[in-house]
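> The following comprises the amino acid sequence and a computationally predicted model.
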Amino acid sequence: MAALYASTTHVKSAAFSRSSSSHSNEPNSSAKPTRSLSFLNFSNPICPALSSKFNKSISVGSSPLTITASSSSPSSSSPTAVADESQGLKIKSVPTKPFEGQKTGTSGLRKKVKVFMEENYLANWIQSLFNSLPPEDYVNGVLVLGGDGRYFNREAAQIIIKIAAGNGVGKILVGKEGILSTPAVSAVIRKRKANGGFIMSASHNPGGPEYDWGIKFNYSSGQPAPESITDKIYGNTLSISEIKVADIPDVDLTRLGITKYGNFIVEVVDPVADYLELMENVFDFSLIRSLLSRPDFSFVFDAMHAVTGAYAKPIFVDKLGASPNSILNGVPLEDFGHGHPDPNLTYAKDLVDIMYGENAPDFGAASDGDGDRNMILGRGFFVTPSDSVALIAANAQDAIPYFGAGPKGLARSMPTSGALDRVAQKLSLPFYEVPTGWKFFGNLMDAGKLSICGEESFGTGSDHIREKDGIWAVLAWLSIIAYRNKDKRPGEELVSVSDVVNQHWATYGRNFFSRYDYEECESESANKMIEYLRDLVSKSKEGDKYGSYVLQLADDYNYTDPVDGSVASKQGVRFVFTDGSRIIFRLSGTGSAGATIRVYIEQFEPDASKHILDAQAALKPLIDLALSLSKLQEFTGREKPTVIT
């Protein structure tokens, strides 16, 4: 029986906790050993692991492709060589059978690592992707491959390279050690004019042998594949019978350079170079450097032992002059140092404690597992993602050279607060509200309609690439702070993060906003709750009263793309009230197990005297209404959320 990868490696689960030394760049020395992806340690060979449970192993030519036998294998015969050697390669046909549940969500396919390590599981999805694309989109073309450095990426990279070669791809550009942040993949695709790229990541989900892994495909403009392609991939996973694999050895991803196998080329590239060049073209690095070099300004960035650890030092330290000590958790690790690499107030506790402690730095930021999310903090001050994108948009033309002619348009995801809407209105800019999922922004960008956009889920970006971008957001904020302080002399009081936000609220009003996440709920009960809410919406009418709130509209949000006319339905149950307050309920598609229920609560406050109120206090009546309206505790048994932002 055939398999491209098989392993029963088991490592005891570690609790999500970080080193007690928040300021250390090194993993806790007393913790379980883990592979480092710091570009300083190349002691781990890249080779698929084999389990002792597979009692038969057959070498196929000189290739490390492993043929194994197991009663649990979905395949039924050995791989056979096929006649196609147009690439100067021997291509093998590996028989396989479909797996259930390979449905691609808004951010690709995400499952537990152990699922992807089943025989042919990953290979089936990769081959199904090639079966779904027009041949002209990849045959003799160039594809990009990279990821966030999480556990299983090294082995997965070898599988993807061999299947790409087996399907006629001409060249693969791979980040050194398999590392490329999600925004960097988009940047490389665009700069190198590649046909597309694979991103090995489960984003902000935890990593390690017991946790999560994911894969997604981005198209030629660097944007996530549209549903027209992901639906085809899923369809092909249900009928796949063979995998085309090139008989080539594993590629050494620890060294930069080009390796050729017949007409197939693998180029290992610097994961930072193209992305850094782009950032230098977007921002005024000399302006930011003038801020970070000030003796009266302090900066800290938490990479959360994730992929931006590979970018933080070259960008913030080497290029912009920040102190090396300003980078926290800066060594990328395969299990993210036993942490949950999600930059929010719950999971980025190290950074939050620093920014709310004594002698806190002036500016703090964090990014997530694959580098596309961000969190911005001032001294004792949290900037909500909804406010963050609005503030960047309001200040972009003055502070960021890339937007010197002004933004073309602004957009947000539907659950994100209306703070950005008010900026668009004041600046007389086109504005768009789209469903959750970055691919919806991409169409608008490609059509020249959109420059700056964001999601309340800590994602912010612009049309410099076709993904949200954590480092970009941090640089944007540093640019704003630097611009506001460019004429300040040493000893003068600096304009702070909180000053910038409070001044913005004074101009535009404040949209109080909060999100309650109930993670890994039982899927059936979560779906029943949503169906209950949909039924409630169908019976609701304008003017209905909910306590002191009067209903303006209730619906299950549908979106028609203004560029291609495609329709996305059932994108979130909304209750919008006459005073502009909103309650929204969604099931998230970014988890790997169970269902995550997200509840969004928003209320606009024009009165500046009330802007200093705590969001949870200001929103309490709406929060109570949301929980009673949805019967969430009754359906799920949950008494409190996993995360509040």
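It's in. Numbers count the residues shown, from 1 in each chain.
> what's the distance between Glu492 and Arg379?
Distance from Glu492 to Arg379, counting by CB to CB, to the nearest Å: 17 Å. Quick note: C-beta positions are derived from backbone N, CA and C, even for glycine.
> Comparing the two, which residue is more hemmed in?
Arg379 (18 against 10; other CB atoms under 10 Å).
> Skip the chain neighbours and tell me the closest residue to that one.
Nearest-residue entry for Arg379: Ala360, 4.5 Å, with adjacent residues in sequence omitted and distances by CB to CB, 6 or more residues apart in numbering.
> which SS state does the one you found fall under?
Following DSSP: H, G, I helix; E, B strand; the rest coil, the label given to Ala360 is coil.
> got the contact list for it?
Ala360 sits next to 354, 379-380 when contact means CB atoms under 8 Å, 6 or more residues apart in numbering.
> next one: Leu410
Neighbouring residues of Leu410 by CB under 8 Å, 6+ apart: 393, 420, 423-424, 429-432, 450-453.
> Quick one, which of these are buried?
393, 420, 423-424, 429, 431-432, 450-453 (16 or more other CB atoms under 10 Å).
> From the residues you listed, which land in strands?
431-432, 452-453 (DSSP state E).
> can the residues you listed go into JSON lines with extra columns for pLDDT and distance to Phe285?
Converted to JSON lines, these look like this (pLDDT from 0 to 100; distance: CB to CB, whole Å):
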{"residue": "Phe431", "pLDDT": "98", "distance to Phe285": "30"}
{"residue": "Tyr432", "pLDDT": "98", "distance to Phe285": "31"}
{"residue": "Ile452", "pLDDT": "98", "distance to Phe285": "20"}
{"residue": "Cys453", "pLDDT": "98", "distance to Phe285": "24"}
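> Out of those, which comes closest to Leu345?
Nearest to Leu345 among these: Cys453, at 22.9 Å, using CB to CB.
> beta partners for that closest one?
Ala411, Gly461 (DSSP bridges).
> Would you mind confirming that it makes contact with Phe441?
Yes: Cys453 is in contact with Phe441 according to CB atoms under 8 Å; the separation is 4.7 Å.
> shared neighbours of those two, anything?
411, 461.
> how close does Gly175 get to Met200?
To Met200, Gly175 is 10 Å away according to CB to CB.
> I should have written Gly580 there, sorry.
Gly580 sits 42 Å away from Met200 when distances are taken as CB to CB.
> Looking at these two, which one has more neighbours?
Per other CB under 10 Å, whichever of Gly580 and Met200 has more neighbours is Met200, with 30 against 15.
> Give the bridge partners for that one, please.
In beta-bridge terms (that is, DSSP bridges), Met200 pairs with Gly147, Ile215.
> what's near enough to touch it?
Counting by CB under 8 Å, 6+ apart, Met200 touches 145-148, 150, 153, 156-157, 160, 178, 213-215.
> ok, 6 Å please
Residues counted as contacts of Met200 (CB atoms under 6 Å, 6 or more residues apart in numbering) are 147, 153, 156, 215.
> Count the residues that sit near the first one.
Here the neighbour count serves as a burial measure; for Gly147 (other CB under 10 Å) it reads 33.
> Tell me the one among the contacts of Leu410 nearest to Ala184.
The closest of the contacts of Leu410 to Ala184 turns out to be Cys453 (CB to CB; 18.8 Å).
> these two touch, right, that closest one and Lys408?
No: if you go by CB atoms under 6 Å, Cys453 and Lys408 don't touch, sitting 11.0 Å apart.
> residues of stretch 103-110 that come out buried?
For stretch 103-110, a neighbour-count test (16+ other CB under 10 Å) marks 104-110 as buried.
> do the same with stretch 386-401
Applying 16+ other CB under 10 Å to stretch 386-401 flags 386-396, 399-400 as buried.
> List of residues touching it?
Contacts to stretch 386-401, defined as CB under 6 Å, 6+ apart, come from residues 284, 376, 403, 406-407, 410, 416-417, 419-420, 423, 452, 454, 456, 460, 476, 479-480, 483, 504, 513.
> Could you list which of these belong to helices?
Of those, the ones assigned to helices by DSSP state H are 419-420, 423, 476, 479-480, 483, 504.
> want to throw these into TSV with distance to Asn195?
Converted to TSV, the ones in helices among the contacts of stretch 386-401 look like this (distance: CB to CB, whole Å):
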residue	distance to Asn195
Ala419	38
Leu420	33
Val423	36
Ala476	30
Ser479	33
Ile480	36
Tyr483	39
His504	41
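> Looking at these, which is nearest Ile233?
Checking the ones in helices among the contacts of stretch 386-401 against Ile233 by CB to CB gives Leu420 as the nearest, at 32.5 Å.
> Against Asp561, how distant is that closest one?
Distance from Leu420 to Asp561, by CB to CB: 19 Å.
> tell me what the helix or strand in which Ser498 is found is packed against?
Using DSSP states H and E, Ser498 sits in helix 497-508. Helices and strands touching helix 497-508, as assessed by 3 or more CB pairs under 6 Å, 6 or more residues apart in numbering; DSSP states H and E, are absent.
> Please save the CA atoms from it in PDB.
The C-alpha trace of helix 497-508 is given here as PDB (Å, rounded to 0.1, in the frame of the first residue of the first chain):
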ATOM      1  CA  VAL A 497      -0.600  56.300  21.100                       C
ATOM      2  CA  SER A 498      -3.400  57.200  23.500                       C
ATOM      3  CA  ASP A 499      -3.200  60.900  22.400                       C
ATOM      4  CA  VAL A 500      -3.600  59.900  18.700                       C
ATOM      5  CA  VAL A 501      -6.600  57.700  19.500                       C
ATOM      6  CA  ASN A 502      -8.300  60.200  21.700                       C
ATOM      7  CA  GLN A 503      -7.800  63.000  19.200                       C
ATOM      8  CA  HIS A 504      -9.400  60.700  16.500                       C
ATOM      9  CA  TRP A 505     -12.400  60.000  18.800                       C
ATOM     10  CA  ALA A 506     -12.800  63.700  19.400                       C
ATOM     11  CA  THR A 507     -13.100  64.200  15.600                       C
ATOM     12  CA  TYR A 508     -15.100  61.100  14.500                       C
END
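> in it, what's buried?
By neighbour count with 16+ other CB under 10 Å, helix 497-508 contains the buried residues 497, 500-502, 504-505, 508.
> Dump those residues to CSV, plus pLDDT.
CSV is the format used below for these (pLDDT from 0 to 100):
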residue, pLDDT
Val497, 98
Val500, 98
Val501, 98
Asn502, 97
His504, 98
Trp505, 97
Tyr508, 96
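> picking up where we left off before, contacts for the helix holding Ser498?
Helix 497-508 is contacted from outside by 378, 381, 391, 422, 608, 611, using CB under 6 Å, 6+ apart.
> Would you format those residues as CSV with pLDDT, distance to Pro641 and secondary structure included?
Putting the contacts of helix 497-508 into CSV (pLDDT from 0 to 100; distance: CB to CB, whole Å; DSSP: H, G, I helix; E, B strand; the rest coil) gives the following:
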residue, pLDDT, distance to Pro641, secondary structure
Gly378, 98, 25, strand
Phe381, 97, 22, strand
Leu391, 98, 26, helix
Arg422, 97, 28, helix
Ala608, 93, 30, helix
His611, 95, 25, coil
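> And the residues you listed, which is closest to Lys541?
Closest to Lys541 out of the contacts of helix 497-508 is Arg422 (28.2 Å), distances taken as CB to CB.
> where exactly do the strands run in the stretch 451-600 of the chain?
For the stretch 451-600 of the chain, the strands defined by DSSP state E, counting those that start in this stretch occupy 452-455, 459-462, 510-521, 545-546, 549-556, 559-560, 567-568, 573-577, 582-588, 595-605.
> Looking at those strands, which is nearest to Gly321?
Proximity to Gly321 (CB to CB) singles out strand 459-462 among the strands of the stretch 451-600 of the chain, at 23.9 Å.
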